[in-house]
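1. Build me a model from this:
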Amino acid sequence: MLQVNWLLFHTARAFLGLVQALPLEVVARIGRWGGGVAWHLDRRHRRVALGNLERVFGSEKSVAERTAIARENFRRLGENYLCALKTAAMSPEALRERVEWSGFREKLPRDGRSAIGAIGHFGNFELFARIRDEAPGWTAATTYRALRQPGLDRVFQKLREQSGTLFFERRTEGEQLRQAMGRGRVLLALLSDQHAGDRGAWLPFLGQPCSCSTACAVLALRYDAVLGSAICYRVGLARWRLEVGDVIPTRNDDGTTREIEDITRDINSALEAAVRKDPANWFWVHRRWKPPSKWQAAREPDSSSGPGTMQS
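-> Numbering: from 1, shown residues only. Got it, this is the predicted structure:
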């Protein structure tokens, strides 16, 4: 096992070095080519993507339109994955020639509070780790899930650390994240568009009921943080716009706390709008609408009908 991890570590380092030595546009074109190859070879994920698109757009778009979106989605996934390896090591100056931040500085809290961005698998979303380049004096943080292969995990973690953003392993470093949030002036980005399992709230997303993460809502309430969505749009080959959405209120007009599920619905609405704005930009290969587990169905008797709730 140690030999396997050693081999994975050095192979990944060599591949990473090769990618980072190439011009960004070349990396993007290779990634798109690789995504096109994957479209033809990866039957399982192709089927998942087409099934998801039929579920969401079956009554709006033809089979040909949905297939075209899925094919382009595979190309973009290849482009985004490979470009993420390159952009993670680029200088702030070089990155600014390729990345536009929209609505970010205007929406930074002026009162010292932290801010939480509900992000999703849109475009080169790893670029949000570079937020410290645009916000001197702030602490940037996010969570990740460690890979099962320690050798590969070491390579990618070293790459992430170059950004200066704090990365907390979501299953084992919750206490460290809480300590960081407690210090204030933190910009925390959390992926909010994946199946959340039994801990999630059963809510509609793109018109279909599913398990939704309530982490952004819970943390925003716990630390009185400003909450909003943030989306990475592809605007051209190896070019992106990181767009910060409107603030999502966590309190009612009378100052009382909003329900966690209501806040999460607003997050879902912002992510849904981004999907519809550019369908090929999202992560259609994920099994987003898994059926509820027996435990979840027992907790939420009306889960099959949609907008039920479940406390995270």
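2. Sheet partners, orientation included, of the lengthiest strand in the chain?
-> The longest strand of the chain (DSSP state E) is strand 226-236. If you go by DSSP bridges, strand 226-236 pairs up with strand 115-119 (parallel), strand 239-247 (antiparallel).
3. Let me know the pLDDT of residue 308.
-> Per-residue pLDDT puts residue 308 at 36.
4. do the same with residue 302
-> According to the prediction, residue 302 has pLDDT 48.
5. same thing with residue 61?
-> On the pLDDT scale, residue 61 is placed at 98.
6. same thing with residue 1?
-> Looking at residue 1, its pLDDT is 65.
7. repeat for residue 173
-> If you check residue 173, the pLDDT there is 95.
8. Report the contact partners of it.
-> Listed by Cβ atoms under 8 Å, 6 or more residues apart in numbering, the contact partners of residue 173 are residue 143. The way it works is simple: take the backbone N, C-alpha and C, and place the C-beta from them, glycine included.
9. Kindly compare burial across the strands paired with strand 226-236 and name the winner.
-> Greatest average neighbour count among the strands paired with strand 226-236 goes to strand 115-119 (a mean of 26), per mean count of other Cβ atoms under 10 Å.
10. Let me see the mean pLDDT of that strand.
-> Mean pLDDT, strand 115-119: 98.
11. following it, which helix or strand shows up next?
-> strand 139-144 (DSSP states H and E).
12. Direction included, what does that following strand pair up with?
-> Strand pairing for strand 139-144, using DSSP bridges, gives strand 166-169 (parallel), strand 186-191 (parallel).
13. And for the longest one, what's in contact with it?
-> Contacts of strand 186-191 with the rest of the structure, by Cβ under 8 Å, 6+ apart, involve 114-121, 125, 128-129, 131-132, 135, 138-143, 180-181, 213, 215-216, 219, 225, 230.
14. and of the strands paired with strand 139-144, who's closest to residue 151?
-> Nearest to residue 151, of all these, is strand 166-169, at 16.4 Å by Cβ to Cβ.
15. buried residues in the following helix or strand past that closest one?
-> Later in the chain than strand 166-169, the nearest helix or strand by DSSP H and E is helix 174-183. Within helix 174-183, the residues that qualify as buried are 177, 180, 181, counting by 16 or more other Cβ atoms under 10 Å.
16. Let me have those in TSV, adding pLDDT as columns.
-> Listed next are these as TSV, based on pLDDT from 0 to 100:
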residue	pLDDT
177	96
180	95
181	96
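17. thinking again about what came up before, for the strands paired with strand 139-144, which one sits closest to residue 42?
-> Of all those, strand 186-191 sits nearest to residue 42, with 22.0 Å by Cβ to Cβ.
18. Please name whichever of the strands paired with strand 226-236 is nearest to residue 282.
-> strand 115-119 (11.9 Å).
19. Can you list the low-confidence ranges for this protein?
-> Across the chain, the ranges flagged by pLDDT under 70 are 1-2, 299-312.
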